[in-house]
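Engineer: Here is a sequence with its predicted model. Questions after.
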Amino acid sequence: MNEYDSELVRSILKKENYEFVTDELAADIVMLNTCAIREHAHRKVYGRVHSIRHARGKGSPVMIGLLGCMATNLRQDLLEDRSLKIDFIAGPDSYKRLPQLIHEAADEGQKSYDVTLSEFETYSDIFPSAEDRVNPLTTSRVNAWVAVMRGCNNFCTFCVVPYTRGRERSRAPENVIDEVRRLAGEGFKQITLLGQNVNSYRYEDHDFAYLMDEVSKVEGIERIRFTSPHPKDFPDRFLDLMAVNPKICKHIHLPLQAGNDRVLDLMNRTYTKQEFLNLVDKVRAKVPNVALSTDIIVGFPTETDAEFEDTLDVVSKAQFDSAFTFKYSERQGTIASKKYPDDVPDSVKSQRLTSLNKAQKEITYQKNRAHIGQIQTVLLEPYPDSKNPDIMPGRTDGGKLVLLPAGRYQGGDMVKARITDATPHALKGQALP
Ligand code: 5AD
Ligand code: SF4
């Protein structure tokens, strides 16, 4: 979402005749788009700001702005801390005010900010062009992000997103389709629909299944993905559509977070271990060969060793293709930070993370090996890996990385390949003649 937001920012500022450079040593203004969801973003941002100031030297007129979730969450600290030399701050709903904030900071020499959260802002009138989207550091011309909804109403107790990004709001379907048509016209092959809670998408009578179906009708788009959904919003209608629509990739990210009922309840996830496992069964029954990935947090306050075993049990039963795993980190302003002291020692969190990762790695490896001998359609990334120009990377429909020997094809091509080998991290293949 932050990458997409940076594309919006590029688009907004380009209209005001700002020119984009990727070299922070050459820029007149440097903006850091921050995330507050995990880690100690606070410390990291301090470090980055100081290193930019240091590299530019004393008296350099470079302006530094902070964007994103951290801006909303830590506005007070940021404005009051004189050691942090920033000029302007814009939260996720304030990017249209950036030109004004930059002017205020430049002309009045004061820190300017706007971190107001909006019930309405969806940036539906901003369509980042292909040029705005191609940040050579992060993006390619194969996949384009399209935010279809913003914000979250779920208030999982560990999570800062409802406070930093505000309430859920969705874009009109025709507005999303308009953006996707432009992207198809610019040569993008894959669209990833984005939202903090993407499958809660609702616009008047239209739900997420309707939106996906409409997006899939746009000519030129070969693949559609979405992230990140919540397990509570998977109606049969959506799964049935996934099963029959060849453009919708058979991959679902299904965040588990924890496997124990008491912990899930404290997290306010609104499902039990068994309900989650039932959902996994239903998804697999309705969408054969679907790839599943997940997010898991270890060491939520008061989680015991026995309760953590439930997480391992779900991992063993659900057989995810891959998992993003995190140690619980207390976030300022969340319900958990107010109600539950962060009482699981870091060493215990580390042990749990290690055993979880070990279990998942084995499953991922087996899942990857099960692909050997299969024919898969691979959507190629645009550039050969610069460290390894003989290798052409791409992705299967299920989202797995495949490495093919470089050949007479290029990024954006859909290539049929036989999978010949697998590691825990990737598949290897040969393009079919
Ligand atoms: N501590 C650790 N992990 C977190 N996540 C969200 N908030 C926290 C937190 N406070 C993880 C969740 C979520 C993913 C995007 O980040 O697993 O799904
Ligand atoms: Fe955070 Fe929960 Fe909303 Fe996801 S669903 S963004 S974890 S509050």
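Structural biologist: Sure, I can see it. Ligands and ions are numbered 1, 2, ... in the order given.
Engineer: which residue ranges form the helices in the stretch 201-350 of the chain?
Structural biologist: With DSSP state H, counting those that start in this stretch applied, the stretch 201-350 of the chain shows helices at 208-216, 236-244, 261-267, 273-286, 305-318, 335-339, 346-369, listed in chain order.
Engineer: Check which helices and strands the fourth one is in contact with.
Structural biologist: Contacts of helix 273-286 with other secondary structure elements, assessed using 3 or more CB pairs under 8 Å, 6 or more residues apart in numbering; DSSP states H and E, are made with helix 236-244, strand 291-298, helix 305-318. (C-beta placed from N, C-alpha, C; glycine too.)
Engineer: Next, the buried residues of the first one.
Structural biologist: Buried residues in helix 236-244, defined by neighbour count with 16 or more other CB atoms under 10 Å: F238, L239, L241, M242, A243.
Engineer: go on, the second one?
Structural biologist: Neighbour-count burial for strand 291-298, counted by 16+ other CB under 10 Å, picks out A291, L292, S293, T294, I296, I297, V298.
Engineer: What is the nearest of the residues you listed to ligand 1?
Structural biologist: Taking CB to the nearest ligand atom as the measure, ligand 1 sits nearest to I297 out of these, at 4.6 Å.
Engineer: Mind listing the residues bridging to the closest one?
Structural biologist: F326 (DSSP bridges).
Engineer: neighbours around A306, how many?
Structural biologist: A306: 8 surrounding residues under other CB atoms under 10 Å.
Engineer: wait, I meant R408
Structural biologist: Neighbourhood size, R408 [other CB under 10 Å]: 6.
Engineer: now the one 5 residues further on
Structural biologist: Taking other CB under 10 Å as the criterion, the count of residues near D413 is 17.
Engineer: my guess is it contacts L380, does it?
Structural biologist: Yes. In this structure, D413 is within contact of L380 by CB atoms under 8 Å, at 5.0 Å.
Engineer: can you tell me the residue of the stretch 301-433 of the chain closest to ligand 2?
Structural biologist: Per CB to the nearest ligand atom, T334 is where the stretch 301-433 of the chain lies closest to ligand 2, at 8.8 Å.
Engineer: Spatially, what comes nearest to that residue if we skip its sequence neighbours?
Structural biologist: Nearest residue to T334, sequence neighbours excluded (CB to CB, 6 or more residues apart in numbering): V160, at 5.6 Å.
Engineer: Might one say that that neighbour is in contact with I37?
Structural biologist: Yes. V160 lies in contact with I37 (CB under 8 Å); the separation is 6.2 Å.
Engineer: Ligand 2 contacts on the stretch 151-300 of the chain?
Structural biologist: The stretch 151-300 of the chain comes close to ligand 2 at residues C152, N154, F155, C156, C159, V161, P162, Q196, N197, H230, as judged by CB under 6 Å from any ligand atom.
Engineer: Just give the closest residue to the last one, not the sequence neighbours.
Structural biologist: In space, and not counting its chain neighbours, H230 is closest to N197: 5.2 Å by CB to CB, 6+ apart.
Engineer: Show the contacting residues for the one you found.
Structural biologist: Residues near N197 by CB atoms under 8 Å, 6 or more residues apart in numbering: M149, G151, C152, N153, N154, E168, S228, P229, H230, D233.
Engineer: okay, the residues you listed in TSV with pLDDT and neighbour count next?
Structural biologist: Below are the contacts of N197 laid out as TSV (pLDDT from 0 to 100; neighbours: other CB atoms under 10 Å):
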residue	pLDDT	neighbour count
M149	97	24
G151	96	24
C152	96	22
N153	96	12
N154	96	17
E168	96	19
S228	94	17
P229	94	20
H230	96	20
D233	92	15
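Engineer: just checking, which of those residues belong to strands?
Structural biologist: Among the contacts of N197, the ones falling in strands (DSSP state E) are M149.
Engineer: Present the contacts of N197 as CSV; the columns should include distance to D87.
Structural biologist: Shown next, in CSV, are the contacts of N197 (distance: CB to CB, whole Å):
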residue, distance to D87
M149, 31
G151, 27
C152, 30
N153, 33
N154, 34
E168, 32
S228, 32
P229, 37
H230, 37
D233, 40
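Engineer: Quick check: of the contacts of N197, which lies closest to K387?
Structural biologist: The nearest member of the contacts of N197 to K387, counting by CB to CB, is S228 at 29.7 Å.
Engineer: And P136, what's its pLDDT?
Structural biologist: We have a pLDDT of 57 for P136.
Engineer: er, P389 I mean
Structural biologist: Listed pLDDT for P389 reads 80.
Engineer: State the distance from the nearest residue in space to it that is not next to it in sequence to R418.
Structural biologist: Nearest residue to P389, sequence neighbours excluded (CB to CB, 6+ apart): A406, at 6.6 Å. Between A406 and R418 the computed distance is 17 Å (CB to CB, to the nearest Å).
Engineer: can you check L254 too?
Structural biologist: Going from L254 to R418 by CB to CB gives 29 Å.
Engineer: Show me which of those two is the more surrounded one.
Structural biologist: Shown here are L254 and R418; by other CB under 10 Å, L254 has more neighbours (20 against 14).
Engineer: Give the full set of residues in contact with that one.
Structural biologist: Counting by CB under 8 Å, 6+ apart, L254 touches P229, P231, F276, L279, V280, V283, L292, S293, T294, F320.
Engineer: For the fifth one, give me its contacts.
Structural biologist: Applying CB under 8 Å, 6+ apart to V280 gives the contacts L254, L292, K317, A318.
Engineer: Please state the offset of stretch 410-418 from the chain centre?
Structural biologist: In terms of CA atoms, centre = their mean, to the nearest Å, the centre of stretch 410-418 is found 25 Å from the chain centre.
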